[in-house]
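S.K.: coords please:
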Amino acid sequence: MTKCSPWGVAWGGDSNCHAGSKKEAQFLTNPRTDKNAAPSISKTIPQSWARSKAFGSADRLASWAGLCPGNNESAGKRKSGRTRKGNPYVRRVLCECAHAASRTQCALRTKFQNLVVRRGHKRSIIALAHKMLRIIYFMLSRGTYYRDAATDYEALSVQRNAARWIKKLIKFGFLPDPA
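M.R.: Next comes the predicted model:
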């Protein structure tokens, strides 16, 4: 039996001792959200808050976490706006996940590459963390898993299972034995 830490993570690195393992499984489908980040996010953003619309919208959740873009405009000129302090734990974890997601083959990487040219590295990381938090909000409120727009899941399934399917077809006599 594994012993759990106060944060819900097993001391041996196994994450099977929390009550919200379905919710954390949802988080783990998000790109580059690892076993250490999922419990941190799930403990600070309870699923009941997203389902009961305690935040009201993903923008309010981003504001609570301190990941909303600052807005300072005067006389038609946009000045640099600071992000607010918000929840430092969620912000740090999501910025770390965004930094990792910027190095993967997913839709978030293309978003990061488009932003880094115009805004710079650090602002692009904050924008990517904001996008990831919006994704998490909609995953929690709808109860769904993350589906990347840049990934063809059907081709991945065929690639992973083709050898097994062919063996079964040969075993049941639908295909001739190649030997």
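S.K.: From now on I want contacts and neighbour counts done on CA atoms only, so please keep to that.
M.R.: Fine.
S.K.: Next, the contact list for the spatially most central residue of the chain, please.
M.R.: Residue closest to the mean C-alpha point of the chain, counted by CA atoms, centre = their mean, is Asn30 at 3.1 Å. Contacts of Asn30 were listed using CA atoms under 8 Å, 6 or more residues apart in numbering, and they are 145-146.
S.K.: tell me the SS of it?
M.R.: Local secondary structure at Asn30 is given as coil here, using DSSP: H, G, I helix; E, B strand; the rest coil.
S.K.: ok, Phe174 to Trp165 distance?
M.R.: Look at Phe174 and Trp165: by CA to CA, to the nearest Å, they are 11 Å apart.
S.K.: Export the strand or helix carrying Ser141 to CSV, keeping only CA atoms.
M.R.: Counting by DSSP states H and E, the secondary-structure element that holds Ser141 is helix 121-142. Below are the C-alpha coordinates for helix 121-142, written out as CSV (Å, rounded to 0.1, in the frame of the first residue of the first chain):
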residue,chain,number,x,y,z
HIS,A,121,9.5,34.2,-25.6
LYS,A,122,8.2,35.0,-22.2
ARG,A,123,4.9,36.6,-23.4
SER,A,124,4.4,33.7,-25.7
ILE,A,125,4.7,31.3,-22.7
ILE,A,126,2.1,33.3,-20.8
ALA,A,127,-0.2,33.3,-23.8
LEU,A,128,0.2,29.5,-24.2
ALA,A,129,-0.4,28.9,-20.5
HIS,A,130,-3.6,31.0,-20.9
LYS,A,131,-4.7,28.9,-23.8
MET,A,132,-4.0,25.7,-21.9
LEU,A,133,-6.0,27.0,-18.9
ARG,A,134,-8.9,27.7,-21.2
ILE,A,135,-8.6,24.1,-22.6
ILE,A,136,-8.6,22.7,-19.1
TYR,A,137,-11.7,24.8,-18.2
PHE,A,138,-13.7,23.4,-21.1
MET,A,139,-12.4,19.9,-20.5
LEU,A,140,-13.7,20.1,-16.9
SER,A,141,-17.0,21.8,-17.7
ARG,A,142,-17.8,19.3,-20.6
